[in-house]
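Visitor: dropping a prediction and its sequence here:
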Amino acid sequence: MGVKLRFDRGTILLTGLPANMNLEHSPGVLWDPRVGAHRAPAHRYADVAGWLRGAGIEFEDIAPAPRDTAGHWVAVELRPYQEAALSAWDLALRRGIVALPT
């Protein structure tokens with residue numbers, strides 16, 4: 001199997017596409033000269049997979065191994081404004097809008 005899909009920094013990296021593949025109707029697939037392969041936005045994964053299947057191209061989905069999260073969670077001390085926000089949320093019967101900075 002030559003075509004491989006791999007998640008890479010917010011995108012789907014496609015390697016091994018046939019050289020004669022028509023990308024005109026591809027779901028956001030573009031050439032990335034930095035890595036010498038094609039990329040598509042990660043949110044288009046289902047579209048890319050369906051596009052490849054529709055073209056009769058088999059592909060291998062290389063998913064990263066799941067991480068072991070056991071024992072990695074640590075309780076953190078909230079800042080005063082975080083404590084106040086959490087208390088207000090509890091007083092509102094856990095209803096409201098949460099806005100998180102990026």
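Guide: Received it, and whenever you're ready, just let me know what you need. Quick caveat, the model's predicted, so the values are computed rather than measured.
Visitor: dump the residue contacts of the most centrally placed residue in the chain.
Guide: Central residue check for the chain by CA atoms, centre = their mean: the C-alpha nearest the mean position is that of residue 42, 4.6 Å away. Residues counted as contacts of residue 42 (CB atoms under 8 Å, 6 or more residues apart in numbering) are 7, 10-12. The way it works is simple: take the backbone N, C-alpha and C, and place the C-beta from them, glycine included.
Visitor: which phi and psi values does the residue lying farthest from the centre of the chain adopt?
Guide: In terms of distance from the mean C-alpha position of the chain, residue 91 ranks first, at 35.1 Å (CA atoms, centre = their mean). In terms of degrees, to the nearest 10, the main-chain angles of residue 91 are phi -70, psi -30.
Visitor: relative to residue 25, how far out is it?
Guide: As judged by CB to CB, to the nearest Å, residue 91 and residue 25 stand 53 Å apart.
Visitor: and the strands in the protein?
Guide: 3-8, 11-15, 30-32, 37-41, 59-62 (DSSP state E).
Visitor: and residue 82, which of those strands is closest to it?
Guide: Closest of those to residue 82 is strand 3-8, at 31.4 Å (criterion: CB to CB).
Visitor: show me what that closest one is packed up against.
Guide: In terms of contacts (3 or more CB pairs under 8 Å, 6 or more residues apart in numbering; DSSP states H and E), strand 3-8 is packed against strand 11-15, helix 45-54, strand 59-62.
Visitor: in TSV: those, plus mean neighbour count and mean pLDDT.
Guide: TSV is the format used below for the helices and strands packed on strand 3-8 (neighbours: other CB atoms under 10 Å; pLDDT from 0 to 100):
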stretch	mean neighbour count	mean pLDDT
strand 11-15	20	94
helix 45-54	15	93
strand 59-62	14	91
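Visitor: as CSV, these with distance to residue 85 would be great.
Guide: Output for the helices and strands packed on strand 3-8, formatted as CSV (distance: least, CB to CB, whole Å):
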stretch, distance to residue 85
strand 11-15, 34
helix 45-54, 34
strand 59-62, 40
